[in-house]
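>>> return atomic coordinates for the entry below.
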Amino acid sequence: MTDTVLMTREGPIAILTLNRPEKLNALNYQTNDRILELLNRIEDDASLRLVVLTGAGDRAFSAGGDIHEFSQSVKEGPDVAIKAFVRRGQAMTRRLEAFPKPIIAAVNGIAFGGGCEITEAVHLAVASDRARFAKPEINIGIPPTFGGTQRLPRLAGRKRALELLLTGDEFDAARAYELGLVNRVVPHEDLMPATFDLADRILRHSPIAAARIITAVTRGINASITEGLEIESEQFGRMAATTDIHEGLDAWIARRRPAYTGT
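Numbers count the residues shown, from 1 in each chain. Here you go, the predicted structure:
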């Protein structure tokens, strides 16, 4: 059986490719489970410091959940559908969101439904100018189920999110940038070079500091400012016990480039 998600590596970067191009990289249950499996492997590999997530083929990043598959779970009743479909998808996007190593989505085409929700969940995203986005779940009589009703309003604002959620209308990469779903839009042929350029600008810094920042933002974004500041303080305290903080300070004072060890 063909892997539904391929993993390759380029130095310290793990490249995950959603690999169902004939199905527009739709997210079936096997794909969701495979993403989690590979993220666990990447987290345990200290030589891998960043993840790039993209889609196979020229047409799609991901067209969303595999409707043929999850419709069978729906026929078995709400309990089965929630466990097999909703919780599985939410576990995947929550893992992406809170993953301690930076994840950049390289959105190479259609990002509908669950594909859009992956884009919302990951830390950073670069979009091809050919990318198209949509929250089309309402067209089949359901709300988004992988976090789209929660993350999109936090990114785009309540009214702008509700317009997209309630109409199911498509929008282009430029609009995704305006809404805060992606960090930048580039010509299609420049997508991967631009993604790796962003990755390189992150990789020059301490991997532990990156993890502490991701944790502070992920945990603090929905907290009160008082709680958020406590989270920030806690993450600094964890960083202060590392070798990397001393290397960063010493290098700055000496006006040299730091040599981080990730310890």
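
>>> surely residue 228 is within a helix?
Yes. The assignment for residue 228 is a helix, going by DSSP: H, G, I helix; E, B strand; the rest coil.

>>> verify the stated contact: it with residue 218.
No. Look at residue 228 against residue 218 with Cβ atoms under 8 Å: they stay out of range, at 11.1 Å. Every residue, glycine included, has its C-beta placed from N, CA and C.

>>> so for the protein, the centremost residue is which one?
For the chain, the residue sitting closest to the mean C-alpha position, by Cα atoms, centre = their mean, is residue 122 at 1.9 Å.

>>> residues contacting that residue?
The neighbours of residue 122, taking Cβ atoms under 8 Å, 6 or more residues apart in numbering as the test, are 53, 96-97, 103-105.

>>> over to residue 133?
If you count contacts by Cβ under 8 Å, 6+ apart, residue 133 has them with 111-112, 116, 119, 170-173, 175-176, 181.

>>> go with 7 Å
Taking Cβ atoms under 7 Å, 6 or more residues apart in numbering, we find residue 133 in contact with 111, 116, 170-171, 176, 181.

>>> if I look at it, how far off is residue 217?
Here the criterion is Cβ to Cβ, to the nearest Å. By it, residue 133 lies 23 Å from residue 217.

>>> likewise residue 232?
For residue 232 relative to residue 217 (Cβ to Cβ), the value is 9 Å.

>>> try residue 78
Residue 78 is 34 Å from residue 217, where distance means Cβ to Cβ.

>>> got the domain ranges for the protein?
The record assigns the chain these domain ranges, following automatic domain parsing: 5-203, 207-254.

>>> most tightly packed of those domains?
domain 5-203 (a mean of 19; mean count of other Cβ atoms under 10 Å).

>>> run the chain-centre distance for that one.
6 Å (Cα atoms, centre = their mean, to the nearest Å).

>>> mean confidence for it?
Mean pLDDT, computed over domain 5-203, is 97.

>>> endpoint to endpoint, that domain covers what distance?
Domain 5-203 has an end-to-end distance of 24 Å (criterion: Cα to Cα, to the nearest Å).

>>> with stretch 45-54 instead?
Stretch 45-54 has an end-to-end distance of 20 Å (criterion: Cα to Cα).

>>> same thing with stretch 48-63?
Note: stretch 48-63 ends 28 Å apart using Cα to Cα.

>>> who touches that stretch?
By Cβ under 7 Å, 6+ apart, stretch 48-63 touches 9, 12-19, 21, 24-27, 42, 101-115, 118, 122, 131, 195, 199, 202-203, 207.

>>> same deal with stretch 226-246?
Residues contacting stretch 226-246 (Cβ under 7 Å, 6+ apart): 206, 208-209, 212, 215-216, 219-220, 223, 260-263.

>>> report the two of those separated the most.
Pairwise distances across those peak at 31.5 Å for 223 and 261 (criterion: Cβ to Cβ).

>>> re earlier: out of the contacts of stretch 226-246, which comes closest to residue 251?
Once Cβ to Cβ is applied, the member of the contacts of stretch 226-246 that ends up nearest residue 251 is residue 260, at 9.0 Å.
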